[in-house]
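Enquirer: sequence-free structure coming up:
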Ligand SMILES: Cc1ncc(C[n+]2csc(CCOP(=O)(O)OP(=O)(O)O)c2C)c(N)n1
């Protein structure tokens, strides 16, 4: 095989891998929506459909020892860092086999075994907590990086600005990823910020590095995350990566009122869908439609098996109420 051909093959395989990782998150979400509509999930669920390129693009730039934290919308972050789907769906159903033994639910994803160290739904709180995780990495000279994902709404919380400053002051190995999907529940970004609000100026003014990526484009997110993670690892300096994206579904439950979204229409969201883009790119380099739909079928069958397992799984015993507590 010529060098040119083997390079092309490697690129095709990398693209297929990224597509598979993003599609597995999409398919899992779609099946979870059905479970929710069947009233099998009791807690609130914030679906990640539309934002997959952000979680996968960033996590593909990390090493195993790097740590990731998330927020209330973290199914994608958990799966992209390698969290187990079966444990996740058990958690959503409140079952004993769940990643938090059924006590956390959708908004408290955790998979310590793959360094997904937690997700905190109190808006903005993931930023200072992840700075603490990064501080430990630096203090113990681990050479690893911490990443935190949070939304544009969360990025307006006061504690976030304080953390930009402290992270820059202490030179923490921290990548803060803002997923800017334009809305905080039903509040449009332009109605929440003055016309002069400038994230780049704020972040750089407080001493951290700033980059913006097209969050609907796996390549752009991945390329920028790779470059930032490399410099964070080498220089131990914090950076913010703002990814412009769309969430395709309502804020939380699929049944929530959707009439407020005049700015990012359903057509716009579909047009810029990151999975569709990768799908077309793969077709363009000769991967067949048949191969891609068979991949989707395989992923869906696996997800459905895990859901069936979770449905049959037992609820936690009462004693679980007293485990994992700070005090009794
Ligand atoms: C401190 C705090 N205030 C309010 C809420 C209620 N709340 C939950 S999600 C959300 C909107 C979050 O928007 P954003 O951070 O942009 O993330 P997205 O939901 O768009 O992913 C709000 C206001 C909360 N969880 N925490």
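Expert: Looks like it arrived, so ask away. Computed from a predicted structure; not experimentally measured. Numbers count the residues shown, from 1 in each chain.

Enquirer: Please list all residues in contact with residue 202.
Expert: 161, 164 (CB atoms under 8 Å, 6 or more residues apart in numbering). (Glycine included, C-beta is placed from N, CA and C.)

Enquirer: In terms of pLDDT, where does it sit?
Expert: If you check residue 202, the pLDDT there is 97.

Enquirer: Would you tell me which residues of the stretch 101-250 of the chain are close to the ligand?
Expert: 121-123, 151-154, 181, 183-185 (CB under 6 Å from any ligand atom).

Enquirer: Wasn't residue 147 part of a strand?
Expert: Yes - under DSSP: H, G, I helix; E, B strand; the rest coil, residue 147 sits within a strand.

Enquirer: right, and it touches residue 127 too?
Expert: No - counting by CB atoms under 8 Å, residue 147 sits too far from residue 127 to count as a contact (11.4 Å).

Enquirer: out of those two, which sits in the more crowded spot?
Expert: More crowded of residue 147 and residue 127, by other CB atoms under 10 Å: residue 147, with 30 against 27.

Enquirer: and the residue in the stretch 51-200 of the chain positioned nearest to the ligand, what is it in contact with?
Expert: Proximity of the stretch 51-200 of the chain to the ligand (CB to the nearest ligand atom) peaks at residue 151, 2.2 Å away. Contacts for residue 151 were tallied using CB under 8 Å, 6+ apart; they are 71, 73, 123, 178-181, 184.

Enquirer: circling back: overlap in contacts of residue 147 and residue 127?
Expert: residue 176.

Enquirer: will you turn the residues of the stretch 101-250 of the chain next to the ligand into CSV that also has secondary structure and pLDDT?
Expert: Shown next, in CSV, are these (DSSP: H, G, I helix; E, B strand; the rest coil; pLDDT from 0 to 100):
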residue, secondary structure, pLDDT
121, coil, 95
122, coil, 96
123, coil, 97
151, strand, 98
152, coil, 98
153, coil, 98
154, helix, 98
181, coil, 96
183, strand, 94
184, strand, 95
185, coil, 93
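
Enquirer: ok, these vs residue 35, which is closest?
Expert: residue 121 (19.9 Å; CB to CB).

Enquirer: Next, count neighbours for that closest one.
Expert: 19.

Enquirer: Make sure it is actually in contact with residue 105.
Expert: No - if you go by CB under 8 Å, residue 121 and residue 105 don't touch, sitting 9.5 Å apart.

Enquirer: What does the pLDDT read for residue 255?
Expert: So, for residue 255, pLDDT stands at 70.

Enquirer: Over to residue 24?
Expert: 98.

Enquirer: Show me the contact partners of stretch 156-165.
Expert: Against stretch 156-165 from outside (CB under 8 Å, 6+ apart): 123-125, 127-128, 131, 150, 154, 176, 184, 192-193, 202-203, 206-208, 238, 240.
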